[in-house]
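Participant: requesting a structural model of the entry that follows:
(2 chains)
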Amino acid sequence: MFKTSMKRRVFAAAIAATSIVGFTTVGMADGHKVVDSIHFLIPGGAGGGWDGTARGTGEALTKSGLVGSASYENMSGGGGGKAIGYLIENADSNHGTLMVNSTPIVIRSLTGVFPHNFRDLTLVSGTIGDYAALVVPANSSIKSMGDLVSAYKANPSGVAIGGGSVPGGMDHLVAAMVMQAAGADPTEVKYIAYDAGGKAMAALLSGEIKALSTGFSEAVAMAKAGEANIIGVTSDKRVGALPEAKTMQEQGIDTYFVNWRGFFAAPGLPKAKLAAYQKAIDKMYGTDEWEAVRSRNGWENIHNPGAKFMSFLEQQEKEISGLMKKLGFL
Amino acid sequence: MLEGFLIGLETALSIKNLLMVIGGCIIGTFIGMLPGLGPMSIIAIMIPVAISIGDPSAAIILLAGVYYGAVFGGSTSSILINAPGVASTVATSFDGYPMTRQGKAGKALTIAAIASFAGGTIGAILLVLFAPALASVALLFHSSEYFALMVVGLSAIAAFAGTGQITKAVLMTIAGLVLATIGEGAQFNMPRFTMGIMDLQSGIGFITLAMAMFAIPETLFLILDPNRSGKSNEKQSEITNLRITKDEAKKITPVITRQSLQGFLIGVMPGAGATIASFLGYAVERNLATPEEREQFGKGSVKGLAAPESANNAACTGSFVPLLTLGIPGSGTTAILLGALIALNVSPGPRLMQDQPEIFWSVILSMYFGNLVLLILNLPLIPYIAKVLTVPRTFLIPFILFFTLMGAYIGQNNATELLFLVGLGVTATILRFAAFPLAPLLIGFILGPMLEDNFSRATQLYDGIGFVWERPMTAVLLIMAISLIVLPAWRSRRAAVSLTK
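Facilitator: I've put the predicted structure just below:
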């Protein structure tokens, strides 16, 4: 679902079309309310991955009674940069606001597309994530990561790997990361960029590309339909949604990557408020309402509150910037 | 298969699901009439409602109804006020709006309704008969073919290259292609030509540009030239007149049939879609028309209106083939529909037809009913919708400007868009004074990104432009594009030569 979370041209025209400012849902149970209200700031249009994350989280929080009411605001522009700038510039009047974001804040801050980075914001919690996966068509002669790596080593330009993000974007970086960990040259990866996940999928099935680098949840849908095989997942252990998909690590490729999604608040947020938000999110994981939202969307719980979130992001930033320098994107 | 079909028929015909189709169509048509709210955003708004219904068949039938309704409603603003709110109805305004100017708004809306109905219905029938077989057709095209297809689409500009206008039309197309490079693309990890302005980072919005090129100059011309709309008040009876003459019916029948088939096939390709289908339909029909009829294109030709309307509706239906049989969304709209399906525990793909035949067939059959509902719903309403034009100019102009500005604002939810809109709108008005055709600019802008992305993918995959001769289908499409561009120019030159003789 990350595919839609990044501002892509295909979506720019039409998807970013609506805002339902002030669409308020009022919680039913009032017994264990932690926060009165949250205003969710969504840096992209309605229907994208960020939108779904904010609205899903808001739904679980209000229905379970942890938060009194939630409102949502879609602020497109600058591929998400506009909302970040807004939150920083109007920090004092936005103590009630939580902004959703994901891995691109790390990548795009490095390239300078965003003038700010995550350190300029208050880190609330990383809440969910999606691992990355490499996928081949079901009828491909490539059956495992071993097959793919040896084909790549023999003739890198014969193994075109596609993805739904720009060159130097997440899907490209994952493919390069995997090849590097497998002892091959990451700079030789012939990465073909598509403007949407669906088109990359069509290219894979039509034989235009040999393998596809994509989000695990998207890959699961294709594997379950019998169209494609997942040959490697970037998780540390097999994922419940499709236990037969092997991890990279068990095939001797030491890669761990997660496309996280989480929430940020304005800089200078009072400590008590921050603690209340974190408590509400922490309690949310135990509720049935959250479980319903999570399973409906195929998300993985990857909870990183506060300081843990910071160290996680710093680690990811370090890895990505090293790789991007090697690939010549920085 | 027959059993599944019958289960689907029963599901689609249940009272609940019929109500879903009707409700979806009504909501879609009315919201779709507002420029700025395209099918994608309307569906995004309706998804929570659909999911709360719980029953996957009913939910997806509701969303599909909203989809056709929105596509259908979108053509209304193109025809009445020259404000195409979605890219796929840009070609509709080429001849639809001139018809309105001639006082034939009712007729234009009727032709659009019938062409849409036919496109959607023929598409639905093809879907019922061939959906499983068409799955492989959807995978036939690689990036190099898509690139060639976009070149064919660009040939639609030939229609605006009237005598002595070729240079101007080409210049405007290039301007459109250049404007399309602003912002972030799929092939570069840095935004281009934004001059440090954050509001340009996502590029210029399609709706902003469409309003600036079409609706704004038109409104300003209405103010500058009082006679322009003064006529409409006298011809009230004709504006609301729906009647199509026998001669016109005879003209549009083959156009609608051809374009429904062609549009459907283009819609099946996940990388093409309704916009390309409408431009190609327009270009192809213009080339097939007799020289006298060709003169009429762009000036209120019934053929020029019927072609894109049947093509874009058939293409929308066609885009359900890759969605339902392969689980591949070909457009932003079908991507959102796919998200909704997955949330409802339906996984589209080759197994859907076997595992959940009632869903597969009821969705397809409800498309057929959806189109029927749309026609029944809309024909009686047309006189009332067309009456909008009989509103006195002093009220009509602010009304159009209001919707234009609103469309640009809600398109991006960003007030800076209004500044772009006004700036581009004034530029467009000046260009119109200098007799530059504005449609080629918009065509270039819409096709530009797809042209560029597919070209750069193809060159990467083939390490150069070898794909042009290595892939026969690409070569065929490119030759077709060249002949579509060169033939009319050659014919008009020959006509000019024989005239001077």
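
Participant: can you get me a residue count around the residue nearest to residue B:215 when sequence neighbours are not counted?
Facilitator: Once flanking residues are discounted, residue B:215 sits nearest to residue B:83: 3.9 Å by Cβ to Cβ, 6 or more residues apart in numbering or on different chains. Where you see a C-beta, it was placed from the backbone N, CA and C, and this is true even at glycine. Around residue B:83 there are 27 other residues, counting by other Cβ atoms under 10 Å in any protein chain shown.

Participant: residues of the stretch 1-150 of chain B that sit close to chain A?
Facilitator: With Cβ under 8 Å from any Cβ of the partner chain as the criterion, the stretch 1-150 of chain B meets chain A at residues B:36-41, B:43-45, B:47-48, B:86-87, B:138-143.

Participant: one more pass at 6 Å, please.
Facilitator: B:38, B:40-41, B:44-45, B:139, B:142 (Cβ under 6 Å from any Cβ of the partner chain).

Participant: what about the nearest residue to residue A:316 once chain neighbours are set aside, how many neighbours?
Facilitator: Here the nearest residue to residue A:316 in space, its sequence neighbours aside, is residue A:106; by Cβ to Cβ, 6+ apart that works out to 5.6 Å. Counted with other Cβ under 10 Å, the neighbours of residue A:106 add up to 22.

Participant: confirm for me that residue A:106 is in contact with residue A:317.
Facilitator: Yes. Between residue A:106 and residue A:317 there is a contact under Cβ atoms under 6 Å: 5.2 Å.

Participant: just the element for residue B:46, please.
Facilitator: Residue B:46 belongs to helix B:39-53 when elements are defined using DSSP states H and E.

Participant: host element of residue B:187?
Facilitator: Using DSSP H and E, no helix or strand contains residue B:187.

Participant: show me what the host helix or strand of the residue nearest to residue A:316 is packed against.
Facilitator: Element membership for residue A:106, per DSSP H and E: helix A:104-111. Helix A:104-111 is packed against helix A:306-327, with contacts defined by 3 or more Cβ pairs under 6 Å, 6 or more residues apart in numbering or on different chains; DSSP states H and E.

Participant: so how far is the helix it packs on off the chain centroid?
Facilitator: 14 Å (Cα atoms, centre = their mean, to the nearest Å).

Participant: equivalent analysis for stretch A:222-234, please.
Facilitator: Counting by Cα atoms, centre = their mean, stretch A:222-234 is centred 19 Å from the centre of its parent chain.

Participant: for stretch B:21-36, same thing?
Facilitator: On Cα atoms, centre = their mean, the centre of stretch B:21-36 falls 16 Å from the chain's centre.

Participant: can I get that stretch in CSV? Just the C-alpha atoms.
Facilitator: Only the C-alpha atoms of stretch B:21-36 are listed here, as CSV (Å, rounded to 0.1, in the frame of the first residue of the first chain):
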residue,chain,number,x,y,z
VAL,B,21,-26.8,0.5,-8.5
ILE,B,22,-29.5,3.2,-8.6
GLY,B,23,-28.1,5.0,-5.5
GLY,B,24,-24.6,4.8,-6.7
CYS,B,25,-25.4,6.1,-10.2
ILE,B,26,-27.4,9.1,-8.7
ILE,B,27,-24.6,10.0,-6.3
GLY,B,28,-21.9,9.6,-8.9
THR,B,29,-23.8,11.6,-11.6
PHE,B,30,-24.5,14.6,-9.5
ILE,B,31,-21.1,14.8,-7.7
GLY,B,32,-19.4,14.0,-11.0
MET,B,33,-21.0,17.1,-12.6
LEU,B,34,-18.9,19.3,-10.4
PRO,B,35,-15.6,20.0,-12.0
GLY,B,36,-12.9,19.0,-9.6
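
Participant: what's the angle between the helix holding residue A:106 and helix A:306-327?
Facilitator: Orientation check (axes from the mean of the first three to the mean of the last three Cα atoms, to 10 degrees): helix A:104-111 against helix A:306-327 gives 50 degrees.

Participant: what average pLDDT does helix A:104-111 get?
Facilitator: Averaging pLDDT along helix A:104-111 gives 91.

Participant: what's the helix holding residue B:46 packed up against?
Facilitator: helix B:56-81, helix B:332-343.

Participant: what is the top strand by length along chain A packed up against?
Facilitator: When chain A is parsed with DSSP state E, its longest strand is strand A:122-137. Judged by 3+ Cβ pairs under 6 Å, 6+ apart, the packing partners of strand A:122-137 are strand A:211-215, helix A:216-224, strand A:228-233, strand A:258-265, helix A:271-284, strand A:300-305, helix A:306-327.

Participant: again, 7 Å this time
Facilitator: Using 3 or more Cβ pairs under 7 Å, 6 or more residues apart in numbering or on different chains; DSSP states H and E, the elements in contact with strand A:122-137 are helix A:197-205, strand A:211-215, helix A:216-224, strand A:228-233, strand A:258-265, helix A:271-284, strand A:300-305, helix A:306-327.

Participant: how about it: buried residues?
Facilitator: Residues of strand A:122-137 classed as buried: A:122-137 (neighbour count, 16 or more other Cβ atoms under 10 Å in any protein chain shown).

Participant: between those, which is closest to chain B?
Facilitator: Set against chain B, the nearest of the buried residues of strand A:122-137 by Cβ to the nearest Cβ is residue A:137 (10.2 Å).

Participant: around the residue lying closest to residue B:30 once chain neighbours are set aside, how many other residues sit close by?
Facilitator: Once flanking residues are discounted, residue B:30 sits nearest to residue B:73: 6.4 Å by Cβ to Cβ, 6+ apart. Using other Cβ under 10 Å, the number of residues around residue B:73 comes to 29.

Participant: got it, and residue B:422?
Facilitator: Neighbours of residue B:422 (other Cβ under 10 Å): 15.

Participant: stretch A:62-71 close to chain B?
Facilitator: No. Stretch A:62-71 stays clear of chain B (Cβ under 7 Å from any Cβ of the partner chain), getting no nearer than 12.3 Å.

Participant: and that stretch, end to end?
Facilitator: 10 Å (Cα to Cα, to the nearest Å).

Participant: also stretch B:371-387?
Facilitator: 24 Å.

Participant: got it, and stretch B:263-276?
Facilitator: Distance across stretch B:263-276, first residue to last, is 9 Å (Cα to Cα).

Participant: tell me where the stretch 51-200 of chain A has helices.
Facilitator: Residue ranges of the helices in the stretch 51-200 of chain A, as given by DSSP state H, counting those that start in this stretch, are A:81-89, A:104-111, A:145-154, A:170-181, A:197-205.

Participant: which secondary structure elements does the longest one contact?
Facilitator: In this case it means helix A:170-181. Using 3+ Cβ pairs under 7 Å, 6+ apart: helix A:170-181 touches strand A:160-163, strand A:211-215, helix A:306-327.

Participant: what angle do it and strand A:211-215 make?
Facilitator: Using the same axes, to 10 degrees: helix A:170-181 against strand A:211-215 is 120 degrees.

Participant: what average pLDDT does helix A:170-181 get?
Facilitator: Helix A:170-181 comes out with an average pLDDT of 95.

Participant: so it versus strand A:258-265, what angle?
Facilitator: Compare the direction of helix A:170-181 with that of strand A:258-265 by the same axes, to 10 degrees and you get 130 degrees.

Participant: just the third one next, same as before
Facilitator: Taking the same axes, to 10 degrees, one finds helix A:145-154 and strand A:258-265 inclined to each other by 100 degrees.

Participant: in helix A:145-154, what counts as buried?
Facilitator: Neighbour counts over helix A:145-154 (16+ other Cβ under 10 Å) mark A:145, A:148-149, A:151-152 as buried.

Participant: check the spacing between the residue nearest to residue B:30 and residue B:27 real quick.
Facilitator: Using Cβ to Cβ, to the nearest Å, residue B:73 is found at 10 Å from residue B:27.
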